[in-house]
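Undergrad: My questions are about this predicted structure, shown below with the sequence.
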Amino acid sequence: MYETSFKIRHECPYREFSERFPDVTIREWHHHDCQVLELSSTTAPSEDLLEEIQHIGDVLHSTTDDDGLYVVAQSCKCPIEDSIIKRFQNHSCVYTPPTIYRQGWEHYTVIGFDESDIQGVLQDLDESREIDVLSKTSIEKRQLPQSTLFSVDRLFAGLTDRQLAALRLALDNGYYSQPRDASTKELAEQTNIARATFEEHLRKAENKLLMNVEPFIRLLTETQVSDILGTRSSLSSEIAKID
């Protein structure tokens, strides 16, 4: 089997929206004959953007402030029966949601059970659209559940540029090594911000990463937790006997 990620340009309201507002990322899930859209940005939204969001669909949830934008909406602008996802089905490929719209591109990930299936999809789409293949990976059947669970966008959702920069600086300088090769004081000295501010960026980044992976940790360990807790319980009992 093969997992392939690619981006394309073609006529679509959401793609055009992401081109006009390049700081916004749109994630799209299909629900019956509608789409559920998640719009996010780490910059303060403009008045034009807020006005356009009201026309993209029915807003179900909205949070906007100086730290950015997060909106969930429902829309029916792209008919599913004529969508690219139908092309995937025609070539026996499995679509891995969500579709991601960013800076005028649509991002898709699909799984094909034969290399010819992937080639058929790409050739079909390339006939009338600009397309760029980002990755193509051979996977084993036992890897399929894990490979479809997560995306880089979901992992880093909500992190600001400053928080990502703080993480990168910490990683580059061995802050997460055991023992640590650098302290937050030393890391902050490499920037133009105070130590307390740097530590706040780093802690918020760590917290957001952990919260983003929480549902996947729970899913992947669902059948293991009881065994792990049971082991700990037994160990605690043995320690209690010794005491």
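TA: Yes, it's here. Numbering: from 1, shown residues only.

Undergrad: Just to check, Asn173 is in contact with Glu186?
TA: Yes: using CB atoms under 8 Å, Asn173 is in contact with Glu186, at 7.3 Å. C-betas here are computed from N, CA, C, even on glycine.

Undergrad: more neighbours, those two?
TA: It is Asn173, of Asn173 and Glu186, that has more neighbours when counted by other CB atoms under 10 Å, with 16 against 13.

Undergrad: any idea how far that one lies from Thr191?
TA: 11 Å (CB to CB, to the nearest Å).

Undergrad: for the residue lying closest to Asn90 once chain neighbours are set aside, what are its contacts?
TA: For Asn90, ignoring the flanking residues on the chain, the nearest one in space by CB to CB, 6 or more residues apart in numbering is Asp124 at 7.6 Å. Residues in contact with Asp124, defined by CB atoms under 8 Å, 6 or more residues apart in numbering, are 87, 90-91.

Undergrad: Work out for me the element the closest residue to Pro98 other than its chain neighbours sits within.
TA: Nearest residue to Pro98, sequence neighbours excluded (CB to CB, 6+ apart): Arg27, at 4.1 Å. Assigned by DSSP states H and E, Arg27 belongs to strand 25-31.

Undergrad: quick one: strands adjacent to that strand?
TA: Strand 25-31 has the following strand partners under DSSP bridges: strand 34-41 (antiparallel), strand 99-102 (antiparallel).

Undergrad: Give me the residues contacting the first one.
TA: Contacts of strand 34-41 from elsewhere in the structure, counted by CB under 8 Å, 6+ apart, are 14, 21, 23-30, 49, 53, 56-57, 68-78, 98, 157-158.

Undergrad: among those residues, which ones are buried?
TA: Buried residues within the contacts of strand 34-41, counting neighbours by 16 or more other CB atoms under 10 Å: 14, 21, 23-28, 30, 49, 53, 56-57, 68-73, 75, 78, 98, 157-158.

Undergrad: Tell me how far stretch 175-185 lies from the chain's centre.
TA: Taking CA atoms, centre = their mean, to the nearest Å, the mean C-alpha location of stretch 175-185 is offset from the chain mean by 28 Å.

Undergrad: C-alpha coordinates for that stretch, CSV please?
TA: Taking Å, rounded to 0.1, in the frame of the first residue of the first chain, the C-alpha atoms of stretch 175-185 are listed here in CSV:
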residue,chain,number,x,y,z
TYR,A,175,17.1,21.7,26.4
TYR,A,176,15.2,18.4,26.2
SER,A,177,18.3,16.2,26.5
GLN,A,178,19.0,14.2,29.6
PRO,A,179,20.8,15.8,31.3
ARG,A,180,19.9,19.2,29.8
ASP,A,181,22.5,21.0,27.8
ALA,A,182,20.9,24.5,28.3
SER,A,183,18.7,26.3,30.8
THR,A,184,15.8,28.6,29.9
LYS,A,185,18.0,31.5,31.1
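
Undergrad: circling back: now, the contacts of strand 34-41 that are in helices?
TA: 14, 49, 53, 56 (DSSP state H).

Undergrad: With pLDDT and distance to Ser62 added, can I get the residues you listed in a markdown table?
TA: Formatted as a markdown table, the ones in helices among the contacts of strand 34-41 follow (pLDDT from 0 to 100; distance: CB to CB, whole Å):
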| residue | pLDDT | distance to Ser62 |
| --- | --- | --- |
| Tyr14 | 88 | 17 |
| Leu49 | 91 | 12 |
| Ile53 | 90 | 8 |
| Ile56 | 87 | 12 |
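
Undergrad: of all the residues you listed, which comes closest to Glu106?
TA: Tyr14 (7.7 Å; CB to CB).

Undergrad: What residues sit buried inside the longest helix belonging to the chain?
TA: Using DSSP H to assign secondary structure, the helix with the most residues in the chain is helix 195-220. Going by neighbour count (16+ other CB under 10 Å), the buried part of helix 195-220 is 198-199, 201-202, 204-206, 208-209, 212.
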